[in-house]
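Chemist: here are the coordinates; sequence isn't available:
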């Protein structure tokens, strides 16, 4: 039995449509949230083994924006890419083509989460036109250099083993309950038992919705072979990094180092949370995003009491 979402009531108030389009051989299913006449559209690139549901708690906090959340190729309800590989370059080419096909080039803001931060950074550096870039839980340095190096090495070995086994056995290994539970238990930092139960339910419900063993292993290799810093030199638009103090994948200093190399970037550091910002503190993430969009003149205005303190964040200066 599914666990009730603490954000369901907010999401139920928003109009939601399911659509699809074929991009680079992938039948890409995507969801459109919010009013058709919204003054701003944000396109999402979700995290590894995630899908469009993952960012819904953040989407629900900002109902005045039009959000477009695709399942990236090979994940959720979208079929794999056939014209390009499931690499960073391939996913970035897909994202650019997706935005162009929807007629949003140059107007929609890009938002990447986790693995999606690498893809969106690559796409922007390669020419995807967007007024601003938002990176939630950015992979600012190689995962192999993160705070939990041993756990990362074990994870890499696990995925490479799954890739070498016969397809059926590789997929069987990847979808084991204990694998998903270990990942979820490791990343969740909240002490709230009900919230932890819901987070685990989300992972068990959606984490195994991938098209094939090969596409998920190929994407994993891409995720550990690159990071946002690889493409930072080619990003010259306003950029917001919403990062976590207790992230097991990327240390805080890596985010600060990355911001210092970028043309126009700022870091909002959320305290007491890890790599699941979108599940544990979506209100704080949404507040940071809202403030950034207002400051860039892209959306609405701030109430008089609004400040970085209200987001629960600790702004970091380069």
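Modeler: Sure thing, it's come through. Values in this document were obtained by computation on a predicted structure and should not be read as measured data. Numbering: from 1, shown residues only.

Chemist: what about the stretch 1-150 of the chain, any weak spots by pLDDT?
Modeler: Counting by pLDDT under 70, the stretch 1-150 of the chain contains low-confidence ranges at 1, 143-150.

Chemist: Report the buried residues of the longest helix anywhere in the chain.
Modeler: Secondary structure of the chain per DSSP state H: the longest helix is helix 149-164. The neighbour-count check on helix 149-164 (16 or more other Cβ atoms under 10 Å) flags 151, 152, 155, 159, 162, 163 as buried. For every residue, glycine as well, the C-beta is placed using N, CA and C.

Chemist: Same question for stretch 83-102.
Modeler: Neighbour-count burial for stretch 83-102, with 16+ other Cβ under 10 Å as criterion, is recorded at 84-88, 90-99, 102.

Chemist: One more: stretch 291-298?
Modeler: Buried residues in stretch 291-298, defined by neighbour count with 16+ other Cβ under 10 Å: 291, 292, 293, 298.

Chemist: coming back round to it: least confident of the buried residues of helix 149-164?
Modeler: For the buried residues of helix 149-164, the least confidently modelled position is residue 151, at 68, judged by pLDDT.

Chemist: roughly how far is stretch 168-186 from the heart of the chain?
Modeler: A distance of 20 Å separates the C-alpha centroid of stretch 168-186 from that of its chain, computed with Cα atoms, centre = their mean, to the nearest Å.

Chemist: Start and end of that stretch, how far apart?
Modeler: Taking Cα to Cα, to the nearest Å as the measure, stretch 168-186 stretches 27 Å from start to finish.

Chemist: which residues are in contact with that stretch?
Modeler: 151, 158-159, 161-165, 199-200, 203-204, 207-208, 210, 212-213, 216-217, 248 (Cβ atoms under 8 Å, 6 or more residues apart in numbering).

Chemist: Next, format the buried residues of helix 149-164 as CSV and append distance to residue 259.
Modeler: Putting those into CSV (distance: Cβ to Cβ, whole Å) gives the following:
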residue, distance to residue 259
151, 26
152, 23
155, 27
159, 30
162, 35
163, 34
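
Chemist: Of these, which is the nearest to residue 191?
Modeler: residue 151 (20.9 Å; Cβ to Cβ).

Chemist: I'd like the distance between residue 84 and residue 106.
Modeler: In this structure, residue 84 and residue 106 are 23 Å apart, going by Cβ to Cβ, to the nearest Å.

Chemist: I misspoke; the intended subject was residue 15.
Modeler: Summarising the geometry, the distance separating residue 15 from residue 106, computed by Cβ to Cβ, is 25 Å.

Chemist: Likewise for residue 159?
Modeler: Applying Cβ to Cβ, the value for residue 159 to residue 106 is 37 Å.

Chemist: Is residue 111 in a helix, a strand, or coil?
Modeler: Using DSSP: H, G, I helix; E, B strand; the rest coil, the structure places residue 111 in strand.

Chemist: so it bridges to which residues?
Modeler: Beta-bridge partners recorded for residue 111 (DSSP bridges): residue 44, residue 134.
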